[in-house]
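predicted model follows, preceded by the sequence.
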Amino acid sequence: MPSRFIKSLYFDTLKVMKEEFTQLIGEKEGPTSIILAGVHGDEKCGVEAFKKLLPNLQIEKGRVWFGYGNPRAIEENKRFTEANLNRMFKGDEELSKKDKNSYEYKRAQFLKKYLNKSDMLLDIHATSNPNSKPFIICETNAKGIVEYLPVNLIVYGFNQVEPGGTDYYMNSIGRIGICLECGYSGNTQSTKKAEESILAFLQARGHIEKKVEAYEQSYIRMYSLYLTKTNNFTLSKPFDDFEEVQENEVIGIDGEKEVRAKKRSVILFAKDREQSGDEAFLLGEQINSIA
C-alpha cells in the first residue's frame, strides 16, 4: 500500500514549504522521524534529493516529516539571511538580542514544533570545501542507526564543542539527532549521497521494510573549537577537512598572535574570519569506537 500524504507538496516550488511540513504515514504502526534539508540555504543537495525522491516515495511503517530548514535562505541561495540557523537551537540565555530578532531565530522556534514530535532527526548538509568527503555528525546515542548509513566516517563531540544545531537540540530533549555532511556542495555526487542516505535512514528506522547491512566506519572525536579573538584571523594555509596537523603547528594568525595546535590532531571547517568571536576551526582526534 502506498504511503498516505497528509499535506500535498509540489517540489518544484518553495512556496508550499514556507510554513508547513509534509508527512508520509505508513499503513503500519512505527516510529516517527524527521528529515530536514536546506538548514543552510546554499547547501542544495538535500533540497535536490527531496525533489527526486518524494514524489514516488512509499513509507510502510510509522510517520516521517520532511521539510526545508531555511526556505528564505534557499530562495536567496545564501547560507543564512540574518543569523546561522544551525546555532539558534541553544537556550535563549545563550543567544544575543540580535540573534533573537532574526528570521532564523523565529524559524528555529517553528522547526522545534516538528522536532518535538519526532524520535530521530536526519539533517542533510554539504560543505564549501571542494576536497571534502561525506561524513556524519552525531553522538553515541545514534550508534544503532549511523552504522547502516552509506558513510565511512563518523564524527562526534559537537554537542560539547559546538552546540546549537538541530542535532544538538534533538539530543538535548532526549531524542537522537544525526547531521549528514554529503561532501562538496558544488558536486552532483553530494545529491546522490543525500538520496542514498535518506533511503538508508528510512530502512534502518524501519519505515521501509528492507534488510540493511552495516558499513565499515572510522571515528573521530572533536575536542576543541577555536573562536577568533580579533577581527582578523588568517589561516597559515588552506586546510582540507580532516587534514592532520602536528603538535605546535601554526594553524593561523589571529590579529598578531600565532594560533598553534596543542597536540597532533585533525582539523575541520577551517576558514579565514573577519569578526571577533567567529568559529575559525575545530580540532579532533581519531578513536577506535563511537561507543
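Ah, there it is.

what residues of stretch 88-99 count as buried?
Neighbour counts over stretch 88-99 (16 or more other CB atoms under 10 Å) mark 88, 89, 90, 95, 99 as buried. The C-beta positions use only the backbone N, C-alpha and C, and glycine is treated the same way.

could these go into a markdown table alongside secondary structure and distance to residue 125?
A markdown table is the format used below for those (DSSP: H, G, I helix; E, B strand; the rest coil; distance: CB to CB, whole Å):
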| residue | secondary structure | distance to residue 125 |
| --- | --- | --- |
| 88 | coil | 15 |
| 89 | coil | 14 |
| 90 | coil | 18 |
| 95 | coil | 21 |
| 99 | helix | 20 |
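
now for those, which pair is the farthest apart?
Maximum pairwise distance in the buried residues of stretch 88-99, criterion CB to CB, is 11.1 Å, between 89 and 99.

and residue 210, how many neighbours?
For residue 210, the neighbour count with other CB atoms under 10 Å is 12.

list the contacts for it?
residue 203 (CB atoms under 8 Å, 6 or more residues apart in numbering).

element containing it?
Assigned by DSSP states H and E, residue 210 belongs to no helix or strand.

check which helix or strand the closest residue to residue 155 other than its chain neighbours maps to.
Spatial nearest neighbour of residue 155, excluding adjacent residues (CB to CB, 6 or more residues apart in numbering): residue 220 at 4.8 Å. If you go by DSSP H and E, residue 220 is part of strand 218-227.

please name the nearest non-neighbouring residue to residue 80.
Counting by CB to CB, 6+ apart, the residue nearest residue 80 is residue 73, at 5.2 Å.

now the one you found: how far from residue 224?
Distance of residue 73 to residue 224, given as CB to CB, to the nearest Å: 28 Å.

who has more neighbours, those two?
residue 73 (25 against 17).

which SSE is the spatially most central residue of the chain in?
The chain has residue 179 as the residue nearest its centroid, 3.4 Å off, counting by CA atoms, centre = their mean. Following DSSP H and E, one finds residue 179 within strand 176-184.

pLDDT (mean, whole number) over that strand?
The pLDDT scores in strand 176-184 average 97.

who does that strand pair up with?
Counting by DSSP bridges, the strands paired with strand 176-184 are strand 120-127 (parallel), strand 135-137 (antiparallel).

what residue of the chain is the furthest out?
The chain, CA atoms, centre = their mean, max distance from centroid: residue 256 (33.3 Å).

any buried residues in whichever helix in the chain runs longest, and which?
Secondary structure of the chain per DSSP state H: the longest helix is helix 188-204. Within helix 188-204, the residues that qualify as buried are 190-204, counting by 16+ other CB under 10 Å.
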